[in-house]
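A.B. asks: Quick one: sequence plus predicted model below, questions after.
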Amino acid sequence: MNYKIIVVVLSLLCIESAIVAQGAGDYATLKVINPRYPDNQLFKTFSRSAYPVAFSLPIGIMAVSIISENKKGQQVGYEMMGGLIISAAATGAIKELVQRPRPYQRYNDIYPDEWEDGNSFPSGHTSLSFSNATSILLSTEKWYLAAPAYLWACGVGYSRIYLGQHYPSDVIAGAITGAGGAYLSHLLRKKLFEGPRRRKPVRLP
């Protein structure tokens, strides 16, 4: 199975969903998901786990791999960390370019769990979560490892809407940014550590 194709297809679907979300009304969708009192502990846990899990996972993989002298594991850790760095940088740059306010800064009937500074588009929590999940998919090519990671990433994204911190399109854009950063890091890792593929010699009859 070509996992690169899966990543591209998912990204295109996300882009299409973003367009639909804008046309149907980001605000209306947010209103349906965000309650007056967003105090669900499960969604708060998803949201709070984004940054600690995103960075502790590649650091843990690198540490264990260095101790066990597992070169492949070290490369996976480098790839995941590279994806996070690229995704975080891209997210920060887009935030500064777009400068979209948080939904509760514009609408009085959006209820955040807490007041956060910074711009809304795209979602940084979602970007890092999807970067990790996509790195796991690309580096291991094992769906049973990637599936829980993507479920966690989706939980983080949904929680950011539920908690009133982001519009749906912020989350979708964050997912695309994170997946794109992971894919770019994957390409860089293959170029640096694997080099160009050698062609098999052609045997003449």
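C.D. replies: Alright, I've got the coordinates.
A.B. asks: Would you mark the buried spots in the helix or strand harbouring Thr45?
C.D. replies: Per DSSP states H and E, Thr45 falls inside helix 41-67. Buried residues in helix 41-67, defined by neighbour count with 16 or more other CB atoms under 10 Å: 43-44, 46-47, 49-51, 53-55, 57-58, 61-62, 65. C-beta: built from backbone N, CA, C; applies to glycine.
A.B. asks: Go through those residues and say which is closest to Gly82.
C.D. replies: Gly82 has its nearest neighbour among the buried residues of helix 41-67 in Pro58, at 8.8 Å by CB to CB.
A.B. asks: quick one: low-confidence parts of this structure?
C.D. replies: 1-24, 194-205 (pLDDT under 70).
A.B. asks: Centre-most residue in it?
C.D. replies: Nearest to the mean C-alpha position of the chain, counting by CA atoms, centre = their mean, stands Phe130 at 2.1 Å.
A.B. asks: Verify the contact between that one and Ala153 for me.
C.D. replies: Yes - Phe130 lies in contact with Ala153 (CB atoms under 8 Å); the separation is 4.7 Å.
A.B. asks: which residues do the two both contact?
C.D. replies: Residues touching both Phe130 and Ala153 (CB atoms under 8 Å, 6 or more residues apart in numbering): 175, 178.
A.B. asks: which residues of the protein fall in helices?
C.D. replies: Under the criterion DSSP state H, the chain contains helices at 3-24, 26-33, 41-67, 71-98, 103-106, 124-140, 143-162, 168-189.
A.B. asks: how about the ones you listed in TSV, adding distance to Glu116?
C.D. replies: Converted to TSV, the helices of the chain look like this (distance: least, CB to CB, whole Å):
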stretch	distance to Glu116
helix 3-24	21
helix 26-33	15
helix 41-67	10
helix 71-98	12
helix 103-106	9
helix 124-140	10
helix 143-162	10
helix 168-189	12
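A.B. asks: what's the most buried one of these?
C.D. replies: Stretch with highest mean neighbour count among those: helix 124-140 (a mean of 28; mean count of other CB atoms under 10 Å).
A.B. asks: so how far is it from its chain's centroid?
C.D. replies: Relative to its chain's centre, helix 124-140 lies at 5 Å (CA atoms, centre = their mean, to the nearest Å).
A.B. asks: Might you report the residue contacts of the residue lying closest to Trp115 once chain neighbours are set aside?
C.D. replies: In space, Trp115 comes closest to Tyr104 once its chain neighbours are excluded; the distance is 7.7 Å by CB to CB, 6 or more residues apart in numbering. Going by CB under 8 Å, 6+ apart, Tyr104 touches 110-112, 115, 164.
A.B. asks: let's go with 10 Å and repeat that
C.D. replies: 30, 34, 110-112, 115-116, 120, 164-165 (CB atoms under 10 Å, 6 or more residues apart in numbering).
A.B. asks: Farthest pair within those residues?
C.D. replies: Leu30 and Trp115 (16.6 Å).
A.B. asks: ok, now which ones touch the closest residue to Ala175 other than its chain neighbours?
C.D. replies: Nearest residue to Ala175, sequence neighbours excluded (CB to CB, 6+ apart): Phe130, at 4.5 Å. Counting by CB under 10 Å, 6+ apart, Phe130 touches 10, 14, 54, 83, 87, 123, 149-150, 152-154, 156-157, 171, 174-182.
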